[in-house]
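# Attaching a predicted model along with its sequence, questions to come.
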Amino acid sequence: QESKETLEELIKLAKDADELFALVGLICKAWTMSGSPPPEIVSKDGITVGVGGFGWFPEGDVVELKVPRLHFGKSRRGRLPDTVKFFDGNEDDLDDFVPKKLSRRQAASKLASLWDILGKLAPIMTGLKLDLRETFKQTEGWDDAMPLDLRQKWLENFWMIEKMRGLKYERAVMPMDAVNSKLRLLTGVDAAKTGLMMGCWGGFKRK
């Protein structure tokens, strides 16, 4: 019953929002609520909805990191040609797929393609950025080939990124049995010679 009441409140909220939007000539395409499948109009696969660069699975209320498929093609007007080849193999196949003369530009492009606004990959991204810094040190131009030992390091990085595809996290929400809506924040900081990292966690007192 409690869950039903919450759903009714959400439906009313959506209705009120639609009425407000209509006053200024706006229309919401659809509303998606956790615990229910997404409307077809906002989901390509009937399972997920794209939100903030992530894939949201509303029925399970989990989010998935979007890891682009590995390729080394060049886009034209924001689109990749149909002839571009995407990686589809195991770790041993990477050496043949990745250009022998791997450049600073190509490594930086693959790192920049990872969108992680929530910071879920912060520990991994830090290591990748340190490797990119070393790549800058050992190359003079954007399209110069990096040394073979660095290329080997990026082969390992590319495979690590491949393994992150499909990684999912439960969406952080206030628990139903929270005593109140007061949010408690916990922070942690650690630093080393090559980097600094800070984490922030929110929590609620439960009944």
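Yep, that arrived. Numbers count the residues shown, from 1 in each chain.
# which residues in this protein form strands?
With DSSP state E applied, the chain shows strands at 49-51, 54-57, 62-65, 168-170, 184-192, 195-203, listed in chain order.
# do you know which of the ones you listed lies nearest residue 135?
With C-beta to C-beta as the criterion, residue 135 lies closest to strand 195-203 of the strands of the chain, at 16.0 Å. Placement of C-beta: from N, CA and C, glycine included.
# Next, the residues that contact the closest one from outside, please.
122-123, 126, 129-130, 172, 183-191 (C-beta atoms under 8 Å, 6 or more residues apart in numbering).
# now, which of those residues sits nearest residue 28?
Distances from residue 28 to the contacts of strand 195-203, taken by C-beta to C-beta, are shortest for residue 172, at 24.2 Å.
# Setting aside sequence neighbours, what's the nearest residue to that closest one?
Spatial nearest neighbour of residue 172, excluding adjacent residues (C-beta to C-beta, 6 or more residues apart in numbering): residue 202 at 7.0 Å.
# quick one on the thing from earlier: any chance of CSV for the strands of the chain, columns mean neighbour count and distance to residue 108?
As requested, the strands of the chain are exported to CSV (neighbours: other C-beta atoms under 10 Å; distance: least, C-beta to C-beta, whole Å):
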stretch, mean neighbour count, distance to residue 108
strand 49-51, 14, 25
strand 54-57, 20, 23
strand 62-65, 18, 20
strand 168-170, 11, 26
strand 184-192, 9, 23
strand 195-203, 11, 18
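# Looking at the ones you listed, which is nearest to residue 79?
strand 49-51 (18.2 Å).
# now for that closest one, which elements pack on it?
If you count contacts as 3 or more C-beta pairs under 8 Å, 6 or more residues apart in numbering; DSSP states H and E, strand 49-51 packs onto strand 54-57.
# The same query, at a cut-off of 7 Å, please.
Packing partners of strand 49-51 (3 or more C-beta pairs under 7 Å, 6 or more residues apart in numbering; DSSP states H and E): none among the helices and strands.
# Just checking: what are the partner strands of it?
strand 54-57 (antiparallel) (DSSP bridges).
# Now do the strand it pairs with: everything it contacts.
47-49, 63-66 (C-beta atoms under 7 Å, 6 or more residues apart in numbering).
# right, and the pair among the residues you listed with maximum separation?
47 and 65 (15.7 Å).
# one step back: any chance of CSV for the strands of the chain, columns mean pLDDT and distance to residue 36?
Listed next are the strands of the chain as CSV, based on pLDDT from 0 to 100; distance: least, C-beta to C-beta, whole Å:
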stretch, mean pLDDT, distance to residue 36
strand 49-51, 92, 11
strand 54-57, 94, 11
strand 62-65, 93, 14
strand 168-170, 92, 17
strand 184-192, 92, 30
strand 195-203, 89, 25
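# Residue 16 is nearest to which of these?
Here strand 49-51 is closest among those (C-beta to C-beta), at 21.4 Å.
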